[in-house]
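Colleague: got a structure for you, letters missing:
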């Protein structure tokens, strides 16, 4: 399995957020949320969904358990908030822009 990328995190969060907002469930179904995330990640189990209450949950990295996002129903709407920023990860390291790499080589 390839390492989790920032793009994959964004894709999974977006898929979960949009699906919950469209379907408007009263409770967070951990199994269904996990299926949504797996689908966004081409069925590679890089992220895990964990319900923390009837209307709340967490999205965590499967390899080390770090918190990636929180899921919560607030005032009747679902909110998925990213907690792991790209700069806080070991896999999102600053790199020169593509043109800079070419001119320096």
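Modeller: Cool, got the structure. Source: prediction; values computed, not measured.
Colleague: Helix, strand, or coil at residue 84?
Modeller: coil (DSSP: H, G, I helix; E, B strand; the rest coil).
Colleague: Before we move on, what's the pLDDT of it?
Modeller: We have a pLDDT of 87 for residue 84.
Colleague: Next: residue 32.
Modeller: Looking at residue 32, its pLDDT is 97.
Colleague: ditto for residue 105
Modeller: 49.
Colleague: which one's the longest helix in this structure?
Modeller: Taking DSSP state H as the criterion, the chain has its longest helix at helix 6-23.
Colleague: State the next helix or strand along the chain beyond it.
Modeller: Using DSSP states H and E, the next helix or strand after helix 6-23 towards the C-terminus is helix 30-40.
Colleague: And that next one, what does it pack against?
Modeller: Applying 3 or more C-beta pairs under 8 Å, 6 or more residues apart in numbering; DSSP states H and E, one finds that helix 30-40 makes contact with helix 6-23, strand 47-53, strand 56-61. Using the backbone N, CA and C atoms, a C-beta is placed for each residue, glycine as well.
Colleague: Pull out the buried positions in the second one.
Modeller: By 16 or more other C-beta atoms under 10 Å, the buried positions in strand 47-53 come out as 47, 48, 49, 50, 51.
Colleague: Quick one: mean pLDDT over that strand.
Modeller: Here the average pLDDT along strand 47-53 is 97.
Colleague: which outside residues touch it?
Modeller: Applying C-beta atoms under 8 Å, 6 or more residues apart in numbering, the contact partners of strand 47-53 are 4, 9, 12, 16, 28, 30, 33-34, 37, 41, 57-62, 68, 71.
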